[in-house]
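Participant: using only what follows, build the 3D model:
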Amino acid sequence: MTSAIEAYAIADKYTKGQGEILPGIRLGVGEMQEFNDCYYFDFKLIFAEPPNPGEAFGGAPGFVVEKDTTEIKTIAFWQLAELLRQKQTAE
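Facilitator: Numbers count the residues shown, from 1 in each chain. This is a model prediction of the structure:
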């Protein structure tokens, strides 16, 4: 079973390995949330220079690191909402 510290290291290596996703923009690791079977991490956009006013960016909110396998999966907003619902139901 993967610990939170191990999952963060995996997440950090994953985002650093993505390189620039657009010119001057790379991914970092944002906030982490623990769920029953995985750890969720927000994608954090890191800009080489501040974005222009009014610029908008869209995409997946983040990714999970599976506790049993350490597999990484990018997830959509609806999948994150489902994880949050499952967590609320369990509490």
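
Participant: which residues are in contact with the residue in the chain sticking out farthest from the centre?
Facilitator: If you look at how far each residue of the chain sits from its centre, by C-alpha atoms, centre = their mean, the farthest one is Pro53, at 24.9 Å. By C-beta atoms under 8 Å, 6 or more residues apart in numbering, Pro53 lies in contact with nothing. Just so you know, the C-beta spots here come from the backbone N, C-alpha and C atoms, and that holds for glycine as well.

Participant: quick check: the gap between it and Arg26.
Facilitator: Distance, Pro53 to Arg26, by C-beta to C-beta, to the nearest Å: 21 Å.

Participant: what segments of this protein are strands?
Facilitator: Along the chain, counting by DSSP state E, strands occupy 20-22, 25-34, 38-47, 62-66, 72-75.

Participant: and the shortest one, what does it pack onto?
Facilitator: The one in question is strand 20-22. When contacts are defined as 3 or more C-beta pairs under 8 Å, 6 or more residues apart in numbering; DSSP states H and E, strand 20-22 packs onto no helix or strand at all.

Participant: how about residues contacting it?
Facilitator: Counting by C-beta under 8 Å, 6+ apart, 26-27 sit against strand 20-22.

Participant: use 51 as the first number for this chain going forward.
Facilitator: Fine by me, first position is 51 from now on; the one you just mentioned is strand 70-72.

Participant: and the closest residue in space to Phe113 that isn't next to it in sequence, how many neighbours?
Facilitator: Distances taken as C-beta to C-beta, 6 or more residues apart in numbering put Thr124 closest to Phe113, at 4.7 Å, once the chain neighbours are dropped. Number of residues near Thr124 (other C-beta atoms under 10 Å) recorded here: 13.

Participant: I'd say Thr124 and Val115 touch.
Facilitator: No - using C-beta atoms under 8 Å as the test, Thr124 is too far from Val115 to be in contact (11.3 Å).

Participant: point out where this structure drops to low pLDDT.
Facilitator: Judged by pLDDT under 70, the chain has no weakly predicted residues.
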